[in-house]
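[1] below are the sequence and a predicted model for it; my questions follow.
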Amino acid sequence: MQVTDIGNKEEGKIWHRKPAQNNLFITVVRSGKQGKTVRFHHVTFDTTGESFLAGDHHGNIYVFDISRNRFRLVQKTGLACTALAFSLRRTTEFLVALADYSIKCFDKDTKQLVSWMRGHEGAVSSISVHGSGRYAITTSSDTAQLWDLDTFQRKRKLNIRQSVGIQKVFFLPLGNTILSCFSDDSIFAWESESLSCKYQLPVPEEGPRVHYKAFAVTRDGKNLAAGGRSNLLHLWCLDSRHLVRVLLMPAVVRTVRQLHFLPDSFDGGASQTLGVLSQDGVMRFVNIHTCKLLFHLGSNEQAITTATVSPNGRHVAAVMDDGSINVYSIHSLSQDLNKVCVRVCEGDSTSHLTVKVRSEVKQRPVKTSGRRPRAKAHRPPAVDSLTDDKENELPAGLNKKRLVALLQAFGEYPAKYRMFVWRSLLCLPENHGAYSSLTDKGLHGAYLSLHNKYPIKSHKLQRGLQRVLSALAHWAAIFGETEYLPLVAFPFVKLFQNNPLLCFEVVATVIVNWCQHWFEYFPNPPLNVLSMAENVLAHHDPELLQHLVERGITSQLYIWPLLETLFSEVLTRDEWLRLFDNVFSNHPGFLLMACVAYVTCCRAPLLLCTQKQDFEYFFHHRNNLDMGSLVQEAYRLTASTPAPIHPRGLLAAFSPLTRGQYPVFNHYPEVVVQYHGRERERIRQQELEYLQERYPPRAELLRQAEEQRRNILAQEEEKLTQQRTRLGAMKREMKLKELHLTDASRRRFLTHQQELRASHLHKLDRDISRKMDLREQETAAAVQDLEIRQIELETQRKLLEQELLKEQVRVGRQVEEEVEVRMRRAERDEGDNRDLLQDAETNLQALEESLAEACQLGVDRDWEREVGHRMEGLAADGERKRERLAEVHTETLCQQHRLLNTVRDMHGWKVREGVCNQAQLQEEAQPSTSANTGYLFHTHTRTHTQHTTHNTQHTTHTDTTYKKAKQLLCLKSRTYLSAPHYPSSTLTYRRSALISTVHCQNSLRTPTGNEFAV
C-alpha cells in the first residue's frame, strides 16, 4: 500500500512507483501546518471514471487523474463543501455546494468561476445532474430546486410542509423522470419537463418501517434500491412499480448510510452488485440475484465515512474516518469472494421479512405470525455444470462462455473494452516483481542495434520494442537469437505501448501457447507446425495444394510468413484486432486454422499465380479479403477437420503464465542456442581486439584529451578576456551614442511640439474665421427668411380679407333672403287677416240686414241673442290670431339677434388669431435677427399698432351703427305688434325700412373687412 501526502502542493504525481495489484490501490492524505491532517469530506467521479474530485474542509478542491497519475488543485473556495458533481455536458465544469448554502460552478482547466447560484436556506446535501447535462437538482432538508445549467437560472422550486422533510431528489438515468423521497417514506416520480406527477411507489404497510435515507438506481433506470435506519434493503422495480425483493443484511448493520450499484461492462446497465455502506464504516457488496456477500471494504479500525463508485466499475474512492482517501481496485477485490449468505425474502408482502441473519449457510426465520413463510427449495447444481462454470470463470468477474457468445453475435469485442477482455482471457498475472528483475538487467546485447535492422519512426515505440525484446531475451536465451521475434512482438508493443508489463506478458503468453513447437527446429522454421497446416489444407482443398506443389511453393512460403508476423503484414489494424479476438477466445490451434482459411479464401488469385516472386509478394502484402469470411472459414475448418490431423490433438490447451514468477521456457535446442551465443561472443571479442589494435590505450587517450581540454580552456579564457575588454569599450561607445541620440531626440521633440502648437493656433484662427463667416451667412439667411415670412403674412392677410369679404356678402344675401321670406310670410298673414276682417264685415252686414229683416218680420229676442253670441265668437277668433302672429314675430327677432351675435364672435376670433400668429412669428424671428433687424421690427410693430387702432375705431363705429339699426328695427317691430289693424301702407313702410337698415349696416361694415355683413 502506498501513501501519498499531497501537503500544500498544487500539482504532482499520485504515486511514484506503480502500485501493486492488491485491494487497496492508493491512499491519499493531506497534512497541513504543524503536522495536522486536513480532512477530505466528499469525492465524486467524472463520466469516464478515470478521474475524481475531492474537497477538504478548508474549501480546497482537487482533481485526481488515475489514468495519467496526476493530481491538481483546481479551486480554493475558502468554505467547506457539502456536495460535489461533474457537469455532463461540459466535461471541464463541475458543481460544488458550499457551507454558506450556495452552489458554484467552476472550470477545472481555467480555474475560473462560471456561475454562482443562490436560493437555499439550508445546507445542500446532494446534487443530481440530468443525463443530458442540461438540468441539475440540488436538495436540502427543506426544499429541492431545479436549475438550468445553460443559463444557470432556477427553473422550479419544491416547497413542502415543515412536518415532512425531504430525504433526496434525483434524476433517473436514461430518462426524464425525477424521483423524490420524503421523510414519511413516500416516493414520487415526476416528469422533468412538465413536472407532473407520473406515479407514486406504494409504501409497505406491513413490517417494520425502514426510514429511507439512502438510494441507488441501476444504469438502465429499471431498479431502485432503498435503505435507511434498518438492516432491511428494499428493491423496487420501477417498470411494474412494485416491491420485488427485500434483503436482510447482517445484524451488525443497523443503519444504511449509502447505496451504490457496481457497474459491469457486459450487463447492459442491469447491475447485479450492490454496495451497502453501514454505520460501522464497512461497505459490503452484495449480489442482489444470488443473495451472496461478495466482498467488503473498510473495517472498525479503518471506517469509511462516504464512498463513490466509478462509472466504469474499476475503482471505489472512499473517504475514511481519519480524513484520508482510499482508492480501491474492483478487479482485485472481485477475485477473492467472501461467500457469506444473506437471507432474502421475495414478493410484494413484507409480513415475513423479520428474520435472523447468521453467517452460516442455514438460517431459520423467527416466527412473527401464524403464517410460515415458504422458502423455495433449490436443487444443488450438477458436478459437471459446476466444473464447467469453474473452467469458464475468468478474472475480473467475466465468464468465457458469455464472452464467446458476445463474440459470435457481434463478430468482435467492444473496442472500448477489448484490452480488458484480452487481459481476462489470457489471465495475465501481472508479476511486477519478476518483470522488474528482467528489466533491471538492461538492454540485451542482441538488441542494442535493433534500430539499424528495424527502423521505426516513433522513438517511443522503438524503445518499447527494444525493452520488451530484451526482457524476453533475459527470460529465455533463445529469444535473443530468434530473428523473427520483433515481427511477432511489434503489433502487441504498438497496442500496449503505455503499459510495458502487460505488453511483455501478452507476448510471453502468445509464445507459450500459440507458438508451441516453433523453436524445436531452431534456427529453421517450425516444420512440424507447418506440416500440420499443410495436412489441413490437403484435406480441405487438395486442388489448391497440388497447384502450389507444382509451382514449387512450400508451406514456408504460404504459411510461415503469416505465422512469423502474426498476420500483421497482410491485415489492417481493425482486421487484425478482430482476428485476434477470435484467436484468444479459442484453442491455440485456431491460429493455424486461420492461416489455412486465409489461403483457401484467396484460392482464386493464388491459382492464377505461376511465379515464385508472385507468391512471395502475395503473402507479404495486404490483399482484398473480407474479414468476416475469413473468420467463418476458420470456424468451419475447425469444426470439419478430422481428429487425426486436427491441431487441437497435437497442440496443448491454453495455459496461462504462473503468478509470482514466470515459468521456465526451454522448448528449444539448447545446444544450437549456446553455439549461437558462443559465436556471437567470439565475434564481439574479435571486434574488441581489432579496436584495441587500431586505437591507442584508453589511458593515453584520456591524458591527451585532458591536455587538449586544458589548452582549449586557456585559449577560451584568453579570448573571453579580450572579448570582455572589447565589450566594455563598445558599451562606453554605445552609452555616448545613446546620450547623443537622447539629446537629439529631445530637441526634435521640442521642435515638434512647437510646430504642433503653431499648427494648432493656425487651425483655431481658421475655425474662428470660418465660424464668423458662417454666422454672417446665417444672419443674412435669417433676414431673408424674415422678409419672405413678412411677405407671406401680408399675402395671407389679404387672402383672409378677401375670404372675410366673400363671407360677409354670402351672409348678407342669406339674411336678405330670410328677411324676404319672413316679409312674404307676414304679408300672407296680413292678407289672411284682411280677408277675415272683410268676411267679418260682410257677415256683420248680413247679420244687420238679417236683424233688420228679423225686426221687420218680428223675429223674437232669441234670434238676436244667437246673433250676439256669434259676433262674440268671431271677435275671440280674431284676437287669438293676432296673438299667434305676435309670437311668431317675437321668435323671428330672437333668431336675428342670435345670428348677429354669432357673426360678431366669428369675426373677433379670426382677428385675434391673426394677431396672435403675427406676434408669435415676430417673437421667433426676434432672437436671431435682433442686432440686424431691429429697425425693420420697430417699423413693422408701429404699422401693426396703427392698423390695429384703425380697426378698433372702425369696429367701434360699426357696432354703434349696428346698435342704432337694431333699436330702429325693434321699435318698428313693437309698432307693428301694437297696431290693432294692418293696412297695406303700413306693411310696405315696415318692409322698406328694414331693407334700408340692412343696407346701411352693410355699407358701414364692408370697407374694413372686420365684420361679416348682416
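    In hand now; what should we look at?

[2] burial measure for residue 834, as a count.
    14 (other Cβ atoms under 10 Å). Where you see a C-beta, it was placed from the backbone N, CA and C, and this is true even at glycine.

[3] give me the secondary structure label for it.
    Following DSSP: H, G, I helix; E, B strand; the rest coil, residue 834 is assigned to helix.

[4] against residue 891, how distant is it?
    Separation of residue 834 from residue 891 (Cβ to Cβ, to the nearest Å): 23 Å.

[5] just to be sure, residue 181 is in a helix?
    No: under three-state DSSP, residue 181 sits outside any helix and is assigned strand.

[6] distance of it from residue 97?
    19 Å.

[7] which one's more surrounded, these two?
    Between residue 181 and residue 97, counted using other Cβ under 10 Å, residue 97 has the larger neighbour count: 27 against 23.

[8] what helix or strand is that one located in?
    Using DSSP states H and E, residue 97 maps to strand 93-98.

[9] next, the angle from the helix or strand just after that strand to strand 93-98.
    Remark: after strand 93-98, the chain's next helix or strand is strand 103-107, criterion DSSP H and E. Angle, strand 103-107 to strand 93-98, by axes from the mean of the first three to the mean of the last three Cα atoms, to 10 degrees: 150 degrees.

[10] for strand 103-107, output the C-alpha coordinates as PDB.
    Provided in PDB are the C-alpha atoms of strand 103-107 (Å, rounded to 0.1, in the frame of the first residue of the first chain):
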ATOM      1  CA  ILE A 103     -23.800  26.500  -5.300                       C
ATOM      2  CA  LYS A 104     -20.900  27.500  -7.500                       C
ATOM      3  CA  CYS A 105     -19.800  26.200 -10.900                       C
ATOM      4  CA  PHE A 106     -16.100  26.200 -11.700                       C
ATOM      5  CA  ASP A 107     -14.000  25.200 -14.700                       C
END
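
[11] what's the first helix or strand after that strand?
    Criterion used, DSSP H and E; the element after strand 103-107 is strand 113-117.

[12] okay, buried residues for that next one please.
    114, 117 (16 or more other Cβ atoms under 10 Å).

[13] need the mean per-residue confidence for that strand.
    When pLDDT is averaged over strand 113-117, the result is 87.

[14] and it, what other elements does it pack with?
    Under the contact criterion of 3 or more Cβ pairs under 8 Å, 6 or more residues apart in numbering; DSSP states H and E, strand 113-117 touches strand 103-107.

[15] what angle do the strand it packs on and strand 113-117 make?
    Calculated by the same axes, to 10 degrees, strand 103-107 forms an angle of 170 degrees with strand 113-117.

[16] what's next to strand 103-107, contact-wise?
    With contacts defined as Cβ atoms under 8 Å, 6 or more residues apart in numbering, strand 103-107 is touched by 61, 74-75, 77, 87, 92-98, 112-118, 120, 124, 127, 138, 147, 149, 152.

[17] are any of these buried, and if so which?
    Buried, going by 16+ other Cβ under 10 Å: 61, 74-75, 77, 87, 93-98, 114, 117, 120, 124, 127, 138, 147, 149, out of the contacts of strand 103-107.

[18] where's the closest residue to residue 661 other than its chain neighbours relative to residue 508, distance?
    Nearest residue to residue 661, sequence neighbours excluded (Cβ to Cβ, 6 or more residues apart in numbering): residue 434, at 5.2 Å. Distance of residue 434 to residue 508, given as Cβ to Cβ: 10 Å.

[19] more neighbours: which of the two?
    A direct count of neighbours by other Cβ under 10 Å for residue 434 and residue 508 places residue 508 higher, at 24 against 20.

[20] give me the neighbour count for the residue lying closest to that one once chain neighbours are set aside.
    In this structure, residue 508 finds its nearest non-sequential neighbour in residue 657, 6.2 Å apart by Cβ to Cβ, 6+ apart. Look at residue 657: counted by other Cβ under 10 Å, it has 22 neighbours.
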